[in-house]
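# mind looking at a prediction? Sequence and model below.
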Amino acid sequence: MPIHQTELDSETRESPRNATEMIYLWGALIFSTALLVWFYWFTAKFGPSRSQSAGQWIVSAWNPETDYEHGLLFGPMIAGLIFYRYQDLRAIAGRVSLWGLVPIFVGIFFYAVAYRTLQPRIAMGALPFLLWGSAYYLWGWKVAKMLMFPLFFFWLAIPLPSFQQATSGLQVLATSLAHNGAALFGVKTIVQGTMISPASGDWAPLEIAAGCSGIRSLMALLMISAAWAYIAKIALWKKALLFFCAFPLAIIGNSLRVISIFVIAQYGDAHWARTTWHDWSGLLLFYPFSLVLLLTIHSLLEGGVPWKKSKRRQLSRVMVRHTVEGGGL
């Protein structure tokens with residue numbers, strides 16, 4: 001007669017580690033953690049006058065001047081993504097795999113290059129290799145495969161050199177969209193470079209600076225959409241599409257934010273528009289608008305609102321085995 005049981009039954013799970021293996025596991029974990037903390041936080045080789053460690057450098061680089069002030073959110077987000085899959089990680093944890101030494105040596109090589117060339121970005125780029133390789137070595141390929149995205153997700157947090165110089169195209173685009181979009185609300189403007197002046201009205205000209213180009217919003221939305229795509233239960237190509245939707249959404253959302261400043265300046269309080277609303281419109285307008293559109297796109301790709309679809313989705317599979325009793329079929 002058929003016997004029903006879950007796919008991850010006692011016959012397919014790894015046998016429990018013995019005491020010696022557990023001591024080795026914890027010893028290797030503590031030792032590797034201590035090494036990473038030492039080289040990434042206490043070894044001062046980077047930054048001005050070589051006075052900063054790689055970790056201290058990247059924390060100082062997460063600031064408004066680099067347009068990477070959202071970098072402080074990466075640590076909690078990566079921890080959250082790993083915790084989200086914690087039960088799955090426990091279920092698939094395997095034995096020590098020597099293949100994990102390969103990415104570890106790659107990470108060591110890049111850190112050595114960074115140390116010799118005084119390039120902290122290369123050192124921080126090596127960190128995911130070291131963490132991922134350690135996980136691969138200690139718990140096997142299945143765990144490493146599941147941790148690949150959360151750990152290499154950190155690459156988006158590394159500030160790029162001369163990043164602001166790449167915003168000129170976005171500044172021109174934001175200026176054009178703001179000029180034409182404001183006209184739809186009856187606000188006629190005159191464009192001179194990235195400076196927009198009122199054709200009629202008493203508010204002072206406003207400049208679409210590098211920070212208003214949308215690059216900050218774009219980088220932050222890329223971070224959110226990448227994490228969103230990772231946890232979405234959709235096909236890989238749909239995950240990729242959801243991630244790349246961050247580009248047009250950031251441009252549209254930032255344009256609406258800038259247009260709102262011009263409209264308020266024309267019909268309301270110009271000083272409040274260019275100060276208070278300018279500072280808070282990202283939080284109050286851009287992110288709600290962008291996240292709602294991101295949810296809409298996700299729902300279209302999944303064929304329904306995600307949390308309702310997940311209730312109808314079967315979370316476990318059942319195996320059916322046939323046993324032979326007394327030699328009969």
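Here it is on my side, so go on.
# pull the longest helix from the protein.
helix 246-267 (DSSP state H).
# now do the buried residues in that one.
For helix 246-267, a neighbour-count test (16 or more other CB atoms under 10 Å) marks 246, 249-266 as buried. (Glycine included, C-beta is placed from N, CA and C.)
# repeat for stretch 292-300
294, 297, 298.
# what does stretch 80-93 give?
81, 85, 89, 92, 93.
# just give me how far it sits from the chain centre.
18 Å (CA atoms, centre = their mean, to the nearest Å).
# mean confidence score for it?
The pLDDT scores in stretch 80-93 average 92.
# what residues does it touch?
8, 13-14, 139-140, 142-143, 146-147, 149-150, 153, 227, 230-231 (CB atoms under 8 Å, 6 or more residues apart in numbering).
# rewinding a little: nearest to residue 204, of the buried residues of stretch 80-93?
Distance to residue 204 across the buried residues of stretch 80-93 (CB to CB) is lowest for residue 81, with 44.7 Å.
# after the one helix or strand that closest one maps to, which helix or strand is next? Please name it.
In this structure, residue 81 sits in helix 74-84 according to DSSP states H and E. Downstream of helix 74-84, the next assigned helix or strand under DSSP H and E is helix 86-92.
# hey, C-alpha coordinates of that following helix in PDB?
Coordinates of each C-alpha in helix 86-92 appear next as PDB, following Å, rounded to 0.1, in the frame of the first residue of the first chain:
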ATOM      1  CA  TYR A  86      17.400  30.300   7.900                       C
ATOM      2  CA  GLN A  87      15.100  27.200   8.200                       C
ATOM      3  CA  ASP A  88      16.000  26.100   4.600                       C
ATOM      4  CA  LEU A  89      19.700  26.600   5.300                       C
ATOM      5  CA  ARG A  90      19.500  24.400   8.400                       C
ATOM      6  CA  ALA A  91      17.700  21.700   6.500                       C
ATOM      7  CA  ILE A  92      20.300  21.500   3.700                       C
END
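# so which of the buried residues of stretch 80-93 is the closest to residue 184?
When these are compared against residue 184 (criterion: CB to CB), the nearest one is residue 81, at 39.9 Å.
# distance check, that closest one against residue 57.
24 Å (CB to CB, to the nearest Å).
# which non-adjacent residue is nearest residue 215?
residue 167 (4.7 Å; CB to CB, 6 or more residues apart in numbering).
# read off the pLDDT value for the one you found.
Reading off the confidence values, residue 167 has pLDDT 70.
# in three-state terms, label it for me.
With DSSP: H, G, I helix; E, B strand; the rest coil as the basis, the three-state label of residue 167 is helix.
# one more: residue 233?
Looking at residue 233 with three-state DSSP, the answer is coil.
# what's it sitting at in phi/psi?
phi -90, psi 70 (degrees, to the nearest 10).
# not counting sequence-adjacent ones, nearest residue to residue 137?
Spatially, and ignoring its direct neighbours in sequence, residue 137 is nearest to residue 100 (2.8 Å; CB to CB, 6+ apart).
# residues contacting the one you found?
Residue 100 makes contact with 133, 134, 135, 136, 137, 138, 144, according to CB under 8 Å, 6+ apart.
# out of these, which are inside strands?
Judged by DSSP state E, the contacts of residue 100 include no members of strands.
# just the buried members of those residues?
Buried members of the contacts of residue 100, counted by 16+ other CB under 10 Å: 133, 134, 135, 136, 137, 138, 144.
# walk me through the domains of this structure.
2-161, 165-312 (automatic domain parsing).
# low pLDDT regions in the protein?
Applying pLDDT under 70 to the chain picks out residues 1-17, 162-166, 210-213, 309-329.
# which residues in it form strands?
Per DSSP E, the chain carries strands over the ranges 2-6, 189-192, 195-198, 206-207, 318-322.
# just how off-centre is the shortest one within its chain?
With CA atoms, centre = their mean as the basis, strand 206-207 stands 31 Å off its chain's centre.
# which ones are touching residue 305?
Shown in contact with residue 305 (CB under 8 Å, 6+ apart): residue 299.
# got the phi/psi numbers for it?
Residue 305 adopts backbone torsions of phi -60, psi 130, taken as degrees, to the nearest 10.
# residues making contact with stretch 148-160?
For stretch 148-160, contacts defined as CB under 8 Å, 6+ apart pick out 58, 61-62, 66, 68, 71, 74, 77-78, 81-82, 85, 121, 124-125, 127-128, 131-132, 135, 166, 219, 222-223, 226-227, 230.
# one more pass at 7 Å, please.
58, 61, 66, 68, 71, 74, 78, 81-82, 121, 124-125, 127-128, 131-132, 222-223, 226, 230 (CB atoms under 7 Å, 6 or more residues apart in numbering).
# burial count for the closest residue to residue 239 other than its chain neighbours?
Excluding the flanking residues, the one nearest residue 239 by CB to CB, 6+ apart is residue 229, at 4.1 Å. Residue 229 is flanked by 23 other residues according to other CB atoms under 10 Å.
# so what's the residue positioned nearest the centre of the chain up against?
Centroid-nearest residue in the chain: residue 223, 3.2 Å away (criterion: CA atoms, centre = their mean). Applying CB under 7 Å, 6+ apart to residue 223 gives the contacts 70, 73, 156.
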